[in-house]
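>>> The following block contains a protein sequence and its predicted model.
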Amino acid sequence: MSFRELRFARAMEFTIHEINNRTDLLPGITLGYQIHDSCSAVPMAVKAALQFTNGMEAFYNDTDSCSKSAAAAVPALVGDSTSTPSISMARILGLFGIAQVSHYATCACLSDKRQYPAFFRTVPSDHHQAAALAKTVKHFGWTWIGAVRSDTDYGNYGMASFLKAAQEEGICVEYSESYYRTQPRSKLERVANVIRRSTARVIVTFLATGDMKLLLEELARQPPPPLLQWIGTEAWIIETEFLRFNMCAGAIGFGIPRSVIPGLREFLLDLSPAQALKSPLLTEFWESSFSCSLKGSSGGARECDGSEDIRALQNPYTDTSQLRATNMVYKATYAIAHAIHGVICNDTQCDKSAKFTPWQV
């Protein structure tokens, strides 16, 4: 389980509770929600998208009318965190006009409204980041560089935008390599050896966090590479886990600005074993965090005895010191709420019985 992704999901939950307690936004209306885990995998993301379009319950239509079976289960959704699952979802949701607001899918390809008419996001497109990276490299006078990317939509589209911008800035690229964490280890070893043998000492990356971690671990093996200057993207440049790699010292790049969300930390920490048992995701979080089994769950290990202190945990779920992408979740949820408000409410009140289609949102 990704504790950071769980924080994103619970940030949406927190935001919805905050909206439901407001009197100036959707007054008299209570928003509900469903949380699905895509596991950062396309099949799971597609499954969730289909459930959002058709509903969770099996339904057989034996009439001439398709109105009930064609009704979407939700008017809008927040997600996904990564580009490739978001693309898969957007192709399905766009057919039904269900608004999809992503907080972290940055692929420039998703800006194509012909392919993804119902896709929106609160994070900038990589088109802008790629141009900024090229200008950064030019600013420091680095004209001979290497490039490494994730073999995904995020990495391939992002790097393509950067290479085009770099060419316009007169920057020469010695090599451009790609790999993905599920590919054979030999592919990763080959990329690491290319870096070791190259004469370029500046490396621009469009790598997901997991791919960057694997690359650094491979480079840390013998023989170590020469001193490198890393240029990173928002996916990993602000991740504290990379501080343990000495070769990352001095890395520069662009990250989402820090933010403060009043009340979120207390909401995240206001979690008891009884509350955790009500959700499979929270049960998994509790049991993996404390290495114990909640009563009534099927987990192994010792049984949780109530002495577990969530405030003593130090992991990405409880870390609210920066709240970068988390704030994008907060904004995405509010964007949907304001859109619904614009459809069913006037200046002072909302029509609880109003019927509307996802396209209106």
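Looks like it arrived, so ask away.
>>> So which bits of stretch 131-147 are buried?
By 16 or more other C-beta atoms under 10 Å, the buried positions in stretch 131-147 come out as 131, 133-134, 136-138, 142, 145-147. Where C-beta positions appear, they are placed from N, C-alpha and C, glycine not excepted.
>>> Please enumerate the helices of this structure.
For the chain, the helices defined by DSSP state H cover 3-20, 42-54, 67-70, 83-96, 126-139, 153-168, 185-197, 209-219, 264-269, 273-276, 280-290, 325-344.
>>> mean confidence for the longest one?
Here the mean pLDDT over helix 325-344 is 97, rounded to a whole number.
>>> One more: the third one?
Per-residue confidence for helix 67-70 averages out to 48 on the pLDDT scale.
>>> Ok, the first one next?
Helix 3-20 shows a mean pLDDT of 97.
>>> relative to helix 280-290, how tilted is it?
Interaxial angle, helix 3-20 versus helix 280-290 (axes from the mean of the first three to the mean of the last three C-alpha atoms, to 10 degrees): 130 degrees.
>>> returning to that earlier point: quick one: which of the helices of the chain is nearest Thr106?
With C-beta to C-beta as the measure, helix 126-139 is the member of these nearest Thr106 (4.6 Å).
>>> I'd like the distance from the closest one to the chain centre, please.
22 Å (C-alpha atoms, centre = their mean, to the nearest Å).
>>> Could you export it as CSV, CA atoms only?
Taking Å, rounded to 0.1, in the frame of the first residue of the first chain, the C-alpha atoms of helix 126-139 are listed here in CSV:
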residue,chain,number,x,y,z
ASP,A,126,4.3,18.6,-18.4
HIS,A,127,4.5,20.8,-21.6
HIS,A,128,5.3,23.7,-19.3
GLN,A,129,7.7,21.8,-17.1
ALA,A,130,9.6,20.5,-20.1
ALA,A,131,10.1,24.0,-21.4
ALA,A,132,11.2,25.2,-18.0
LEU,A,133,13.7,22.3,-17.6
ALA,A,134,15.3,23.2,-20.9
LYS,A,135,15.7,26.8,-20.0
THR,A,136,17.2,25.8,-16.6
VAL,A,137,19.8,23.7,-18.3
LYS,A,138,20.6,26.5,-20.7
HIS,A,139,20.8,29.0,-17.9
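>>> Could you name the helices and strands sitting against that helix?
When contacts are defined as 3 or more C-beta pairs under 8 Å, 6 or more residues apart in numbering; DSSP states H and E, helix 126-139 packs onto helix 153-168, strand 202-206, strand 229-232.
>>> low-confidence ranges in the stretch 151-300 of the chain?
The model of the stretch 151-300 of the chain has pLDDT under 70 over residues 296-300.
>>> Recalculate using a threshold of 90.
Applying pLDDT under 90 to the stretch 151-300 of the chain flags the ranges 222-226, 240-241, 295-300.
>>> ok, back up a step: take the helices of the chain and write them to a markdown table, including distance to Ala301.
Formatted as a markdown table, these follow (distance: least, C-beta to C-beta, whole Å):
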| stretch | distance to Ala301 |
| --- | --- |
| helix 3-20 | 18 |
| helix 42-54 | 26 |
| helix 67-70 | 44 |
| helix 83-96 | 31 |
| helix 126-139 | 42 |
| helix 153-168 | 36 |
| helix 185-197 | 31 |
| helix 209-219 | 26 |
| helix 264-269 | 23 |
| helix 273-276 | 14 |
| helix 280-290 | 7 |
| helix 325-344 | 30 |
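>>> Ok, which of these comes nearest Val361?
Of all those, helix 325-344 comes closest under C-beta to C-beta, at 4.7 Å.
>>> when you compare where that closest one runs with where helix 3-20 runs, what's the angle?
Using the same axes, to 10 degrees: helix 325-344 against helix 3-20 is 30 degrees.
>>> Buried ones in helix 325-344, by neighbour count?
Buried residues in helix 325-344 (16+ other C-beta under 10 Å): 325-337, 339-341, 344.
>>> backbone phi and psi for the spatially most central residue of the chain, please?
Centroid-nearest residue in the chain, with C-alpha atoms, centre = their mean: Ser81, separated by 1.9 Å. Note on Ser81: its backbone torsions stand at phi -80, psi -20 [degrees, to the nearest 10].
>>> could you measure it against Phe356, distance?
To Phe356, Ser81 is 28 Å away according to C-beta to C-beta, to the nearest Å.
>>> Repeat that for Glu308.
44 Å.
>>> For Glu234, which of the helices of the chain is the nearest?
Nearest of those to Glu234, taken as C-beta to C-beta: helix 126-139 at 6.8 Å.
>>> Not counting the closest one itself, show me its contacts.
Here helix 126-139 makes contact (C-beta atoms under 8 Å, 6 or more residues apart in numbering) with 106-108, 111, 145, 154, 157-159, 161-162, 164-166, 168-171, 202, 204, 206, 231, 233-234, 252-254.
>>> which residues does Ala325 contact?
Applying C-beta under 8 Å, 6+ apart, the residues near Ala325 are 8, 81, 103-104, 123, 256.
>>> contacting residues for the residue lying closest to Gly210 once chain neighbours are set aside?
Spatially, and ignoring its direct neighbours in sequence, Gly210 is nearest to Arg181 (5.1 Å; C-beta to C-beta, 6 or more residues apart in numbering). For Arg181, the contact set (C-beta under 8 Å, 6+ apart) comprises 208, 210-211, 214.
>>> Can you check those and name whichever has the most neighbours?
Asp211 (28 neighbours; other C-beta atoms under 10 Å).
>>> For it, give its distance to Thr182.
10 Å.
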